[in-house]
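Participant: I would like to see how this sequence folds:
(one chain, ligands or ions: 1)
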Amino acid sequence: PGHHQAISGEWDLAGIAHRAYDLEGKTVGTVGAGRIGKLLLQRLKPFGCNLLYHDRLRVDAALEEELGAAFEEDLDAMLPKCDVVVLNMPLTEKTKYMFNKEKIAKMKKGVIIVNNARGAIMDTQAVADACKSGHIAGKGGDVWYPQPAPKEHPWRYMPNNAMTPHISGTTIDGQVSRTTGVKDMLERYFKGQDFPEPNYIVKEGKLASQYK
Ligand SMILES: NC(=O)C1=CN([C@@H]2O[C@H](COP(=O)(O)OP(=O)(O)OC[C@H]3O[C@@H](n4cnc5c(N)ncnc54)[C@H](O)[C@@H]3O)[C@@H](O)[C@H]2O)C=CC1
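Facilitator: Next up, the predicted model:
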């Protein structure tokens, strides 16, 4: 909104400030603490947030201490504590539409939700309704269901959204890193070598545990 004011000739500080908050002192919870969830916790640590995480698996004790994040075994117990909820788990049969009307109702009124994982982890209409009612104060992210999002997708028009098209990882550096990774996997494949374990989705006909 600040940039909109700058380019549209406005100057209305109160128009911005009435919904602006510091991250410091806020409780941020990630659902999923795999590669991205852990990096998120690491990066948030210097902001002085109260960090929580929910995952199928607890991270090892030394890393948990380094991250300064508390494990929440029960997702429904974590959600009401969070000012900000970030989704960092895969789309699986268990997580599809997990964030429906009932789950959203468990969150704090005024919660900010960021979902860069997969759109179908959330119930599209339930999110749009909660943004309209103000229960969700802000919804950011770049993943939609379906993709590309049709023109009439409710998330395009719901209030308080900071959605973008699916652009995470499309920086020039991100593209270099991805193509280098694909090249490395192809080289390993043609040499008959294994891939690093986290790179498997299916191995010997079996779905990797994080996708079950
Ligand atoms: N927007 C984008 O461009 C991108 C989106 N992604 C999405 O982000 C997701 C996370 O990526 P990574 O951290 O690399 O994956 P990862 O596989 O390293 O971590 C996923 C974590 O989610 C946990 N998990 C799985 N099911 C769960 C459940 N039911 N409840 C709680 N935790 C659960 C796993 O135990 C694991 O720790 C990916 O699955 C992908 O869908 C990833 C990269 C780019």
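
Participant: for whichever residue of the chain sits closest to the ligand, what are its contacts?
Facilitator: Proximity of the chain to the ligand (Cβ to the nearest ligand atom) peaks at G34, 1.7 Å away. In this view, the C-beta of every residue, glycine as well, is placed from N, C-alpha and C. Counting by Cβ atoms under 8 Å, 6 or more residues apart in numbering, G34 makes contact with D55, N88, M89, P198, Q210.

Participant: mind redoing it with 10 Å?
Facilitator: D55, R56, L57, V59, N88, M89, P90, P198, Q210 (Cβ atoms under 10 Å, 6 or more residues apart in numbering).

Participant: now, which of the residues you listed lie close to the ligand?
Facilitator: Among the contacts of G34, the residues within reach of the ligand (Cβ under 6 Å from any ligand atom) are D55, R56, L57, N88, M89, P90, P198, Q210.

Participant: roughly how far out does the longest helix seen in the chain sit from the chain middle?
Facilitator: Ranked by residue count under DSSP state H, the longest helix found in the chain is helix 172-190. Distance, stretch centre to chain centre, for helix 172-190: 24 Å (Cα atoms, centre = their mean, to the nearest Å).

Participant: Each with direction, which strands does the helix or strand following it pair with?
Facilitator: Next in sequence after helix 172-190, counting helices and strands by DSSP states H and E, comes strand 202-203. Strands that pair with strand 202-203, judged by DSSP bridges, come out as strand 206-207 (antiparallel).

Participant: pLDDT of the partner strand, averaged?
Facilitator: Strand 206-207 carries an average pLDDT of 94.

Participant: For that strand, which outside residues touch it?
Facilitator: Outside strand 206-207, the residues that touch it by Cβ under 10 Å, 6+ apart are T92, Y200, I201, K212.

Participant: Neighbours of L39, how many?
Facilitator: Residues near L39, counting by other Cβ atoms under 10 Å, number 12.

Participant: buried stuff in the strand or helix carrying it?
Facilitator: Under the criterion of DSSP H and E, L39 resides in helix 35-44. Within helix 35-44, the residues that count as buried by 16 or more other Cβ atoms under 10 Å are I36, G37, K38, L40, L41, L44.

Participant: now swap in stretch 139-149 and tell me
Facilitator: For stretch 139-149, a neighbour-count test (16+ other Cβ under 10 Å) marks K139, G140, G141, D142, V143, W144, Y145, A149 as buried.

Participant: who does the first one bridge with?
Facilitator: So that's K139. Judged by DSSP bridges, the bridge partners of K139 are I113, N161.
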